[in-house]
Structures are given as C-alpha cells and as structure tokens.
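A.B. asks: okay, here's the prediction I keep looking at, along with the sequence it came from:
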Amino acid sequence: MLVACAVLSTGHAQLVPGTMDVHWNSGSEDCVNNPQPAIQVHRYNPQTFILRQNPCATYEAPFLYLLVGKNRALLIDTGAVADAKAMPLAEKVISLLPGGEPRLPLMVVHTHGHLDHRSGDEQFRSLPNVEVVAADLESVKSRLGIADWPDGIGQIDLGDRVIDVIPTPGHHRAHVAYYDRQTGLFFSGDFLLPGRLLIEDREAALASARRVAAFIAERPISHVLGAHVELSESGDVFWGSTWHPRERPLQLARKDLLALPEIVNGFNGFYSRRGIYVLMNQNRILLLLGVGALLLLGTVVWLIRALWRRLRRGVSHGV
C-alpha cells in the first residue's frame, strides 16, 4: 500500500510516496538443489529501488539502496559478494538507471566499511561516469562534506533530491546514516535494524542515537530501512543461515529511532535483548570466550598432568 505523505511542519514539502508491499525471497535450506536468483529488486517508487542479495548468495543477505535524482544517482552499499558472475550487482544497478546517453552519473557510497557493505565496489570502479567513495573515515568526511565529525551533517545533491548524511559511529568508527528529504526514508545501515545491534563503542553509539533523535525531531520519516533483517516474526535469529522463513518486515518507524537512546543507554556492554533487538559487543564476547577457552584448556592440561603423575607413582610403587 502507498505510504501516506507525512508533514511535520510547514517548513517541509510533502513527501514523495512509495510502497513497501513486497515479500522478500527467503533463500533456501538447500541452495545447491534449489538455486535462487542472486538479487531481488523492489521498486519503492520510480526513482527509488531496494535491492537485496539473496541469503543463498550470502547469509548476510544485505539490503542496498539506489536513489535516482535529476542529475545523478546514489547507491548506498555494494553488499557482501565481490564476484560479478555470482552477483551481477553493477549490471543490475546500471540497468535500473534512466536510459539514454550520456548515462546518468552514479555515486557509490557506504553506511560503513565492513566487508558485507563494500565487497561489490570493484564491480563499479572501472565503469564510466561512476564514482566510488572509499569507506574510511577521512574519505567519508572529505567527500561527503562532514567537516565537524561526528556533529556535522553532510549533504549529497542528486538534482532536485538532497540526501543528508548523519554520522552514526558506534557500530563502526566511520558509520553514517542517510536521510532522503524527498521520500522521508532513513537509511540506517547497521546502526538500527531488526536483529543484532553490534556495538563496538557504547558511548559513541549512545551519542549517535541521541544525535539522530535530535535530527529527526522536526523531520518527517516514512520508513527506517536498515541493512539486514535477522529475525523471524517469532523472534528467532537467522545468524549464519541461508534460509529465512517467516522473516519479519525490513522497515522500522520513526518511534523506533526515537526509542533507541534509551535502549542503548541500558546496554550492559556485553549482551542484552530488548524487543526485536539483540545488543552485543562482539569483541568483548569473543575475548570472554577466548579467556574461557584458555581456562578450560589449562584445566584439562592440569588434570592430564595430575593423572599422569598419579599413574607414574602407581607404577613406581608397583615395582
């Protein structure tokens, strides 16, 4: 169904509507004998496309976003698969751009630098009229116009369509979110999604959540669209699976962004679960597991040595 045009103040024009009436491909339990199309494309409206890499191609199953303006187009993230034969991402994206020559220029950006968001970059680098912005912090700051990191806001003008770039470090030091003034769509990457919120820096994540809440205070939000869906409708986590049955919807709402500061503030720094979110500090959990494994190994070695000494004493006394 079409999204109703929302206006929160007279200072904002009406939003261009779109539709989230889509069923995402669930992948398969047996991808070898039940092959799946590599990419699914949903047309939100004639200038906005949501692309999803199939769970059979990558268990990350990331969502990518193509926004078309009057003068150029913007692709947010390139996904988790580099091989153009297995994942013909560039070919698909170019086919979605308006026809005619010269072709509309394309700018490729990222929410952050983790490999499941930039592995497809190489497919675009050699193409004409395509700019790939690196995902490191200095490139993000300089190319996206964020001089005052993380408190400044960058802008990307696509021609009659301006995209705001909001620093959201916490999951990754150079993480950004994107806000489309034309549609009211907020592209949150791994900052907010239905599933695992992997928090590398709690204080940075909390500051980002508060910054975003302040940013949207007087701005209309139609949907919040993250980079993954990792939960079923019953709350089961799909981590590492090529099969996503009964997946919950991708889209979140304005209220979810506004509730995030309280949720992050209550995070214990290791692991907690709040509703549809699983908050984790993966590095600390891995460190804790590593220490536990070392302690277990040490205990096993001590027991073996103690048993060996006891056996030797028994043999010695028997002689």
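C.D. replies: Looks like it came in fine.

A.B. asks: which stretches of the stretch 201-319 of the chain form strands?
C.D. replies: Assigned by DSSP state E, counting those that start in this stretch, the stretch 201-319 of the chain shows strands spanning 223-226, 271-274, 277-280.

A.B. asks: redo these as CSV? Include distance to Tyr59, mean neighbour count and mean pLDDT.
C.D. replies: For the C-beta atoms, the positions are set from N, CA and C on the backbone; glycine is no exception. CSV is the format used below for the strands of the stretch 201-319 of the chain (distance: least, CB to CB, whole Å; neighbours: other CB atoms under 10 Å; pLDDT from 0 to 100):
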stretch, distance to Tyr59, mean neighbour count, mean pLDDT
strand 223-226, 16, 23, 99
strand 271-274, 21, 14, 94
strand 277-280, 16, 20, 96
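
A.B. asks: for Arg246, find the nearest of the ones you listed.
C.D. replies: Closest approach to Arg246 among those (CB to CB): strand 277-280, 17.5 Å.

A.B. asks: what strands line up against that closest one, and which way round?
C.D. replies: Within its sheet, strand 277-280 is paired with strand 195-198 (parallel), strand 271-274 (antiparallel), according to DSSP bridges.

A.B. asks: go through those and name the closest to Ala207.
C.D. replies: With distances scored as CB to CB, the stretch of the strands paired with strand 277-280 nearest to Ala207 is strand 195-198 (14.9 Å).

A.B. asks: I'd like the strands of the stretch 201-319 of the chain laid out as CSV, including distance to Ala214.
C.D. replies: Listed next are those as CSV, based on distance: least, CB to CB, whole Å:
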stretch, distance to Ala214
strand 223-226, 16
strand 271-274, 21
strand 277-280, 21
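
A.B. asks: looking at those strands, which is nearest to Glu29?
C.D. replies: In terms of CB to CB, the element of these nearest to Glu29 is strand 277-280, at 22.7 Å.

A.B. asks: contacts only, for Phe124.
C.D. replies: Counting by CB atoms under 8 Å, 6 or more residues apart in numbering, Phe124 makes contact with Leu75, Thr78, Ala90, Val93, Leu106, Val108, Val130, Val132.

A.B. asks: drop anything exposed from these.
C.D. replies: Among the contacts of Phe124, the ones that count as buried by 16 or more other CB atoms under 10 Å are Leu75, Thr78, Ala90, Val93, Leu106, Val108, Val130, Val132.

A.B. asks: just for the stretch 101-250 of the chain, where's the confidence low?
C.D. replies: Within the stretch 101-250 of the chain, the ranges that satisfy pLDDT under 70 run 101.

A.B. asks: cross the buried ones among the contacts of Phe124 against helices and list the overlap.
C.D. replies: Among the buried ones among the contacts of Phe124, the residues falling in helices (DSSP state H) are Ala90, Val93.

A.B. asks: all helices of the stretch 151-300 of the chain, in order?
C.D. replies: Taking DSSP state H, counting those that start in this stretch to define them, one finds helices in the stretch 151-300 of the chain at 202-215, 254-265, 282-318.

A.B. asks: what residues of the first one count as buried?
C.D. replies: Yep, that's helix 202-215 we're talking about. Within helix 202-215, the residues that qualify as buried by neighbour count (16+ other CB under 10 Å) are Arg202, Ala204, Ala205, Leu206, Ala207, Ser208, Ala209, Arg211, Val212, Ala213, Phe215.

A.B. asks: chain center to that helix, what's the gap?
C.D. replies: Distance, stretch centre to chain centre, for helix 202-215: 17 Å (CA atoms, centre = their mean, to the nearest Å).

A.B. asks: so what does that helix touch, helix or strand wise?
C.D. replies: strand 162-167, helix 254-265 (3 or more CB pairs under 8 Å, 6 or more residues apart in numbering; DSSP states H and E).

A.B. asks: that one vs helix 254-265, what angle?
C.D. replies: Interaxial angle, helix 202-215 versus helix 254-265 (axes from the mean of the first three to the mean of the last three CA atoms, to 10 degrees): 150 degrees.

A.B. asks: not counting helix 202-215 itself, show me its contacts.
C.D. replies: Contacts for helix 202-215 (CB under 8 Å, 6+ apart): 150-151, 153, 164, 166-171, 173, 175, 177, 179, 191, 199, 257-258, 260-261, 263-265, 267, 269, 281.

A.B. asks: among these, name the buried ones.
C.D. replies: By 16+ other CB under 10 Å, those give 150, 153, 164, 166-171, 173, 175, 177, 179, 191, 199, 257, 260-261, 263-264, 267, 281 as buried.

A.B. asks: quick one: the strands in the stretch 51-200 of the chain?
C.D. replies: 63-68, 73-76, 106-109, 130-132, 154-157, 162-167, 176-180, 185-189, 195-198.

A.B. asks: will you turn the ones you listed into a markdown table that also has distance to Ile304?
C.D. replies: What follows is these, written out as a markdown table (distance: least, CB to CB, whole Å):
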| stretch | distance to Ile304 |
| --- | --- |
| strand 63-68 | 50 |
| strand 73-76 | 54 |
| strand 106-109 | 55 |
| strand 130-132 | 54 |
| strand 154-157 | 59 |
| strand 162-167 | 53 |
| strand 176-180 | 52 |
| strand 185-189 | 48 |
| strand 195-198 | 37 |
